[in-house]
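Student: next one to model:
(chains A, B, C and D)
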Protein chains: 2
Amino acid sequence: MDHSKTGTSHSDSLLFLTDEQLRKGIEAMFFAYRGFTADPDRILEGMDYGRAHHRALHFIHRSPGTTVNNLLAILGVTKQSLNRVLRSLIEDGLVESRVGRADKRERHLHLTEKGADLERSLSDAQRARMRAAYRAAGPGAVQGFRHVLEAMMDESARKQYLSLKENSP
Amino acid sequence: MDHSKTGTSHSDSLLFLTDEQLRKGIEAMFFAYRGFTADPDRILEGMDYGRAHHRALHFIHRSPGTTVNNLLAILGVTKQSLNRVLRSLIEDGLVESRVGRADKRERHLHLTEKGADLERSLSDAQRARMRAAYRAAGPGAVQGFRHVLEAMMDESARKQYLSLKENSP
DNA sequence: TTGGAAAGTCAACAAGGCTGACTTAAAACC
DNA sequence: GGTTTTAAGTCAGCCTTGTTGACTTTCCAA
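Tutor: Next comes the predicted model:
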């Protein structure tokens, strides 16, 4: 297989896709993801919580009343892994677990006021960075950013991403 | 603080930056990063290696002869953490560590043929996904994608990202 | 020649993934 | 009504990848 730049570029209808360009994109993802998680990580360090707790808080906030099974599917982790995180959040009074009314096997998850406070401080920080990045890149860039990211997801992730509240495109 | 949609949108010269939009961007990063790492992860599972090994191989490939200290700065991990990864790669004959000529304290890292083979299979998979995403999103989107990601990085990460071989913009 | 930087090593630990086995309760099925 | 399936939770144990702290060896440079 030929991995030189000419290998993909000359035979390709989209000439801009050199391996060089692709490598830059890959590295951009790597470095940007670090920035993306840096602010919440900073807030959480020192507390007993980590990135896993942040993710749980985010998706419970986004979809109040979601079930444990739902959350498992979204986060893509095992029940045991999530349970550890969820247990500490419930014990500390950040998350409330309510027995389902229609189906009593299910537990519906909600943030308490305290949980909502932490979630807000985390997402404020993350949104601030995202907002700054969007502003710096300009309106046109935002659409492209989202398009590429959506195309990069696995099928199942894309479905989860697109589901729930559909909003203005 | 007001976190409703109107809180940021009405007083803002860039009207598209609603909290809703920002949340979508945040979730896009989360789901896309999973897709981004999925293919290499699949290749590495079963081998004794993980994502940390992939990262080391990538940056040694990109900058042959880089020193350990250099690599530490790029990867943003501790010496001990990298050392464990590097040791196994060297023991398995994927990476070669050469004593520096000018400064014999330094070790310069190179991929062996075997190491280059693995690196190639990993980056082939990752590039294929990136290429598909770029194609699906179209030429205009790629610029926007990169602009937003670059703006999202920390200062130090951005410098590292922009340094080394500068290529066609 | 001495101080300090670069590299490596050892020990111990934590977060957050994983598998496998098992319980409980409730729903769904036949 | 009895059986099977499902949702949740738990226990035990493992792995990877990150961390800190203490220490040694090498060797450059002031």
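Student: find the nearest non-adjacent residue to the residue nearest the centre of chain A, please.
Tutor: In chain A, the residue lying closest to the centroid (C-alpha atoms, centre = their mean) is A:Arg55, at 7.0 Å. The spatially closest residue to A:Arg55, leaving aside those adjacent along the chain, is A:Leu75, at 5.9 Å (C-beta to C-beta, 6 or more residues apart in numbering or on different chains). All C-beta spots, glycine's among them, are computed from the backbone N, C-alpha and C.
Student: which residues does the one you found contact?
Tutor: By C-beta atoms under 8 Å, 6 or more residues apart in numbering or on different chains, the residues touching A:Leu75 are A:55-56, A:59, A:82.
Student: out of the residues you listed, the closest to A:Glu106 would be?
Tutor: When the contacts of A:Leu75 are ranked by distance to A:Glu106 (C-beta to C-beta), A:Leu82 comes first, at 14.7 Å.
Student: hmm, the closest one is touching A:Asn70, no?
Tutor: No - between A:Leu82 and A:Asn70 no contact is recorded; they are 10.8 Å apart, counting by C-beta atoms under 8 Å.
Student: contact partners for the residue in chain A positioned nearest to DNA strand C?
Tutor: When scored by C-beta to the nearest atom of the strand, chain A has A:Gly50 as its residue closest to DNA strand C, at 1.6 Å. The neighbourhood of A:Gly50, defined by C-beta under 8 Å, 6+ apart, consists of A:41, A:44.
Student: quick one: it and B:Val77, what's the gap?
Tutor: Counting by C-beta to C-beta, to the nearest Å, the gap between A:Gly50 and B:Val77 amounts to 16 Å.
Student: then A:Ala32?
Tutor: Between A:Ala32 and B:Val77 the computed distance is 17 Å (C-beta to C-beta).
Student: with neighbour numbers in mind, choose between those two.
Tutor: The residue with more neighbours, out of A:Ala32 and B:Val77 and counting by other C-beta atoms under 10 Å in any protein chain shown, is A:Ala32; that gives 25 against 16.
Student: just among the contacts of A:Leu75, which is most surrounded?
Tutor: A:Ala56 (26 neighbours).
Student: show the contacting residues for it.
Tutor: A:Ala56 sits in contact with A:71, A:75, A:82, A:85-86, A:89, A:95, where contact means C-beta under 8 Å, 6+ apart.
Student: A:Ala102 belongs to a helix?
Tutor: No - with DSSP: H, G, I helix; E, B strand; the rest coil as the criterion, A:Ala102 is located in coil rather than a helix.
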